[in-house]
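*Asks:* turn this into a model:
(one chain, ligands or ions: 3)
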Amino acid sequence: MVESDTIAALATPGGTGAVALIRVSGPKAWEVVETACGRDFGEARRAVLRSVRDEAGQVIDQTLVTPFRGPASFTGEDTVEVATHGGRLVTRRVLERLLNCGARPARPGEFTERAFFHGKLDLTQAEAVMDLISAQSDLALRAAHEQLEGRLGRRTEGLRDELLGVVAQVEAWIDFPEDDIDPETGAALDARLEAVAGGIRTLLATADQGRILREGLRTVICGLPNAGKSSLLNQLLGEERAIVSHTAGTTRDTIEEALVVDGVPLRLVDTAGLRLAGDEIEEEGIRRTRREAGRADLLIVVADASLPPQEAWPDALPAVTRELRVLNKVDLGEHPGWADFEADRISCSDGSGIARLRTHIREMAELGEADWGEHAVAINARHRGCLRIAADALERGREALASGMAAEMAAMELREALEALGEIAGRVDTEEILGEIFSRFCIGK
Ligand SMILES: Nc1nc2c(c(=O)[nH]1)N(C=O)[C@@H](CNc1ccc(C(=O)N[C@@H](CCC(=O)O)C(=O)O)cc1)CN2
Ligand SMILES: Nc1nc2c(ncn2[C@@H]2O[C@H](COP(=O)(O)OP(=O)(O)OP(=O)(O)O)[C@@H](O)[C@H]2O)c(=O)[nH]1
Ligand SMILES: [Mg+2]
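*Replies:* Ligands and ions are numbered 1, 2, ... in the order given. Down below sits the predicted model:
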């Protein structure tokens, strides 16, 4: 689907600023802007100062215009960038004028979509543009950058090429149905398939990292009432977000906030204290706490250090892969019963131990330099879906080969794996899938 019409949209946020940027892309991009400016541009990639005028010849704004000749542009099409003064009204009037001169408003993500259709970006790179814009931490930014630079696409396309080689060999056998695949060749093919499967597994293992980078580590604070859970949320946020009081049962509903702790994006959730409920609302709060705790990436269990352990530690918490134990209120003195208890000792009143707790949270996220590595990628949910389909089909293909089934059977399964792998970089012909992806972008991107 390569559309031949010319689109225009504001590329910068729709507020007041020093300068705003409007992009026009498509076969008539130059013509549209030249009409609005009443003059030709001359050379590509050279910024020129031009007045955009309305139909009556009245100047709307003095703008800096940069024309690009396809394919040497972001979209791969003829493109013109018009930098206007950054007022709401002036940008709206200039855009309206360009639309009147033959452009139509761009749909969300349409510039990037066109870059994809003109082969400027593969689908993983187009997705990376979006990740880059929404990145909330330096690591998320770095991951998006590496994906934009094409690292993930090269890996999946590399695996696909290798698989394609094997499929070609298997299919060559289909033409000679009287010959079975000889065991030696069969073993060699299987070794190559195992290597592809290994590559897929390596990528799948980054799904957790990818989700955490994009959505944040889901961190749930829980514990008995009055332990200081809301105080801890406030401490980590650096603001008085949640209500804190000496009354047990203060927090009745879950509170969720996004923040970055030591470079790790978190979704921090404060919950109602776990105990036998006093009333119906509290009971519902506690039900929500259990649900939240169950879907946490990291559980922070908080207890009051000044109380004896048997009175302070909540029981029946869901098992999660990551858990941090915290003893709060150490400023009040620690009950001797905790002596051998391994936990972060903190005080939300005087801030002691909070810096160390932050470090521990970061370590738990396993997103540090050491965990990240030189060749790391962080896949998203769509990539994971494709990789799982590919891994399963590949497995079935290997079984078919091993059990001496007809080569057709094996080839069919391997073809399915091939297709799923190719889908990651955008080898898809269903516009529906692509439309779904690009529609999540903002207008002008
Ligand atoms: N003014 C402006 N700034 C921007 C963008 C933009 O579209 N316009 N970008 C939009 O996201 C990002 C930069 N990405 C871009 C990627 C490729 C090309 C481009 O013209 N590519 C040509 C020429 C390459 C070259 O000169 O080396 C090409 O690929 O053929 C432009 C911007 C961020 N900053
Ligand atoms: N001395 C001392 N008091 C603290 C500390 N942290 C919290 N508190 C106090 O403990 C009481 C309970 O704090 P909250 O943060 O509301 O406790 P919570 O766990 O959210 O309680 P619920 O929402 O009722 O489950 C408040 O009076 C806080 O001021 C601390 O480190 N030291
Ligand atoms: Mg609370």
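
*Asks:* now the strands for the protein?
*Replies:* Assigned by DSSP state E, the chain shows strands spanning 7-10, 19-25, 48-53, 59-68, 79-85, 104-105, 217-223, 255-261, 264-270, 298-304, 323-328, 344-345.

*Asks:* now the longest one: average pLDDT?
*Replies:* Across strand 59-68, pLDDT averages out at 98.

*Asks:* circling back: turn the strands of the chain into JSON lines, including mean neighbour count and distance to ligand 3.
*Replies:* Any C-beta I mention is one placed from the backbone N, CA and C, and that applies to glycine too. Output for the strands of the chain, formatted as JSON lines (neighbours: other C-beta atoms under 10 Å; distance: least, C-beta to the ion, whole Å):
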{"stretch": "strand 7-10", "mean neighbour count": "24", "distance to ligand 3": "43"}
{"stretch": "strand 19-25", "mean neighbour count": "24", "distance to ligand 3": "44"}
{"stretch": "strand 48-53", "mean neighbour count": "17", "distance to ligand 3": "56"}
{"stretch": "strand 59-68", "mean neighbour count": "19", "distance to ligand 3": "53"}
{"stretch": "strand 79-85", "mean neighbour count": "24", "distance to ligand 3": "49"}
{"stretch": "strand 104-105", "mean neighbour count": "14", "distance to ligand 3": "47"}
{"stretch": "strand 217-223", "mean neighbour count": "25", "distance to ligand 3": "9"}
{"stretch": "strand 255-261", "mean neighbour count": "16", "distance to ligand 3": "8"}
{"stretch": "strand 264-270", "mean neighbour count": "24", "distance to ligand 3": "6"}
{"stretch": "strand 298-304", "mean neighbour count": "24", "distance to ligand 3": "10"}
{"stretch": "strand 323-328", "mean neighbour count": "21", "distance to ligand 3": "12"}
{"stretch": "strand 344-345", "mean neighbour count": "19", "distance to ligand 3": "19"}
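
*Asks:* same list (those) but as TSV, adding distance to residue 112.
*Replies:* Below are those laid out as TSV (distance: least, C-beta to C-beta, whole Å):
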stretch	distance to residue 112
strand 7-10	12
strand 19-25	11
strand 48-53	25
strand 59-68	15
strand 79-85	13
strand 104-105	16
strand 217-223	28
strand 255-261	25
strand 264-270	23
strand 298-304	33
strand 323-328	39
strand 344-345	44
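
*Asks:* nearest to residue 176, out of these?
*Replies:* Closest approach to residue 176 among those is made by strand 19-25 (51.9 Å; C-beta to C-beta).

*Asks:* still on that earlier bit, so which of the strands of the chain is nearest residue 387?
*Replies:* Closest of these to residue 387 is strand 217-223, at 22.1 Å (criterion: C-beta to C-beta).

*Asks:* quick one: mean pLDDT for the closest one?
*Replies:* Strand 217-223 comes out at a mean pLDDT of 94.

*Asks:* any idea how far residue 445 is from the closest residue to residue 145 other than its chain neighbours?
*Replies:* Nearest non-adjacent residue to residue 145, counting by C-beta to C-beta, 6 or more residues apart in numbering: residue 132, 6.8 Å away. Distance of residue 132 to residue 445, given as C-beta to C-beta, to the nearest Å: 10 Å.

*Asks:* so between these two, which is more surrounded?
*Replies:* Neighbour totals were compared for residue 132 and residue 445, and residue 445 leads with 19 against 15 (other C-beta atoms under 10 Å).
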